[in-house]
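# just to be clear, the model below is a prediction. Sequence and coordinates:
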Number of protein chains: 2
Amino acid sequence: MTPVPPAKDTRPVSIPSAREKFESYLAKKGLRVTKQRQAIFDAALAQKEHFTAEQLLDHARDIVERAGKRRDSISRATVYRTLPLMTESALLREVDIGSGEKFYLPNTQENIQLAQVVCLDCDRIFEISAPFMEWYGSTVSSKLGLSPVSQRLQVSARCNVFRDTASCPRRG
Amino acid sequence: MTPVPPAKDTRPVSIPSAREKFESYLAKKGLRVTKQRQAIFDAALAQKEHFTAEQLLDHARDIVERAGKRRDSISRATVYRTLPLMTESALLREVDIGSGEKFYLPNTQENIQLAQVVCLDCDRIFEISAPFMEWYGSTVSSKLGLSPVSQRLQVSARCNVFRDTASCPRRG
DNA sequence: CTGCCTGCAAACTCTTTGCACGAAT
DNA sequence: ATTCGTGCAAAGAGTTTGCAGGCAG
């Protein structure tokens, strides 16, 4: 007699919910769920660090290639057209450190106030919780008759180890 | 009868010292004091609000024109080559609000921590004192083994009056 | 005179867009 | 069948750069 298989855990985990969120956002806007949007979405959500549009394109092409399709079935234009959809639906956060190109990061938790510390030696971007920012932005804005929409604190800094040893531990 | 006019204040203002600072910076770097650099410097220091490279070019051309010279004796390239000199010598502050083009502002006081509040309705940039930032940047950076170089807080906000009346009091 | 500075225009980077074809509903 | 989405390539904005001639020191 066959053993009873363990009950399958069907509780939704966070990955499907992000995908659901994206697809429901598309539906709400009357937009279609295409192979390209799915691949770009998967590529974006798989990122652990900040990434650029170009890196996202490359990663999305890896994904479709692994699925047996041509790399050029994802185009740069589509990446640029999809990025706003993912930031508007709060799946990604856009981080502009004033370096010419924009960076993106999966938005794992909502309503969190974050600051960026950019290392001038290794170009790495660190995300730091900055809970006071919201209060500060509100205080300052209301004095001007404005309502804050978003705020960001960016710190540029140099690496102490690099200063002392001329080599950054985070890149060698 | 005519009222007595108030005594004219002849105390030296900050303008001469700023020019000295710029020229001594040039000297220290072994750079030459040219007509173009002087005009661009004058144009920059005369600004009361944030300005772009293009606006600076225009204003610098006004200055040389008033001095009887051709507008095209100042070129866009020279403006772009002079701006870094003025920011490195701390005469200007660079403000990047992530809108594609960079803004600049005469750096009247040094070592002041400022935040920018950008109104999304009228595109105006307000500079707000944010003294707590330095402490915060230091605290956060040191945890990462970094030393803060600069920091900026940027708040994007919407105008309450514009929201209610569909017209921004600051632009009509 | 020497070599930095300049204007010009082309190049560059990142991003956006017009168009005709292709695919999702 | 419609209508939206796509790739391509060109356009666009802002900034940088190579070059030959010009001017400061």
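Looks like it arrived, so ask away. Numbering: from 1, shown residues only, chains lettered A, B, ... in the order given.

# what helix or strand is the residue most central in space within chain A on?
Centroid-nearest residue in chain A: A:L105, 1.9 Å away (criterion: C-alpha atoms, centre = their mean). Assessed by DSSP states H and E, A:L105 sits inside strand A:103-106.

# ok, A:Q113 touching A:M133?
Yes. Using C-beta atoms under 8 Å, A:Q113 is in contact with A:M133, at 4.5 Å. Using the backbone N, CA and C atoms, a C-beta is placed for each residue, glycine as well.

# for chain A, which residues are neighbours of DNA strand C?
Residues of chain A found near DNA strand C (C-beta under 7 Å from any atom of the strand) are A:32-35, A:52-54, A:76-77, A:80-81, A:83, A:100-102.

# residues contacting A:V140?
B:115, B:117, B:128, B:130, B:155 (C-beta atoms under 8 Å, 6 or more residues apart in numbering or on different chains).

# output the longest strand belonging to chain A.
strand A:146-159 (DSSP state E).

# buried residues in it, which are they?
A:146, A:148, A:151-159 (16 or more other C-beta atoms under 10 Å in any protein chain shown).

# next, count neighbours for A:F126.
Residues contacting A:F126 under the criterion other C-beta atoms under 10 Å in any protein chain shown number 18.

# show me the helices in chain A, by range?
Along chain A, the stretches classed as helices by DSSP state H are A:14-28, A:35-45, A:53-66, A:76-88, A:132-143, A:160-165.

# about what we covered before: the strand holding A:L105 and chain B in contact?
No. Strand A:103-106 stays clear of chain B (C-beta under 8 Å from any C-beta of the partner chain), getting no nearer than 11.0 Å.

# one step back: for PyMOL, what selects the buried ones among the contacts of A:V140?
Selection of buried members from these for PyMOL, criterion 16+ other C-beta under 10 Å:
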select buried, chain B and resi 115+117+128+130+155
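
# could the contacts of A:V140 go into a markdown table alongside pLDDT and distance to chain A?
A markdown table is the format used below for the contacts of A:V140 (pLDDT from 0 to 100; distance: C-beta to the nearest C-beta, whole Å):
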| residue | pLDDT | distance to chain A |
| --- | --- | --- |
| B:A115 | 86 | 7 |
| B:V117 | 92 | 6 |
| B:I128 | 86 | 5 |
| B:A130 | 83 | 7 |
| B:V155 | 90 | 4 |
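
# circling back to that earlier point, and the strand holding A:L105, what other elements does it pack with?
helix A:35-45, helix A:76-88, strand A:92-95 (3 or more C-beta pairs under 8 Å, 6 or more residues apart in numbering or on different chains; DSSP states H and E).

# any idea how far the helix-or-strand element of chain A with minimal mean pLDDT is from the chain center?
Ranked by mean pLDDT, DSSP states H and E, the weakest helix or strand in chain A is helix A:14-28, scoring a mean of 82. Centroid separation for helix A:14-28 versus its chain: 15 Å, with C-alpha atoms, centre = their mean, to the nearest Å.

# between that helix and helix A:76-88, how many degrees?
100 degrees (axes from the mean of the first three to the mean of the last three C-alpha atoms, to 10 degrees).

# by contact count, what packs against helix A:14-28?
helix A:35-45, helix A:76-88.

# from the contacts of A:V140, which is closest to B:R61?
B:V117 (31.1 Å; C-beta to C-beta).

# measure that closest one to A:A53 for me?
28 Å (C-beta to C-beta, to the nearest Å).

# any idea what the nearest residue to A:R152 once chain neighbours are set aside is bridged to?
The spatially closest residue to A:R152, leaving aside those adjacent along the chain, is B:Q154, at 5.5 Å (C-beta to C-beta, 6 or more residues apart in numbering or on different chains). On the basis of DSSP bridges, B:Q154 is bridged to A:R152, B:Q116.
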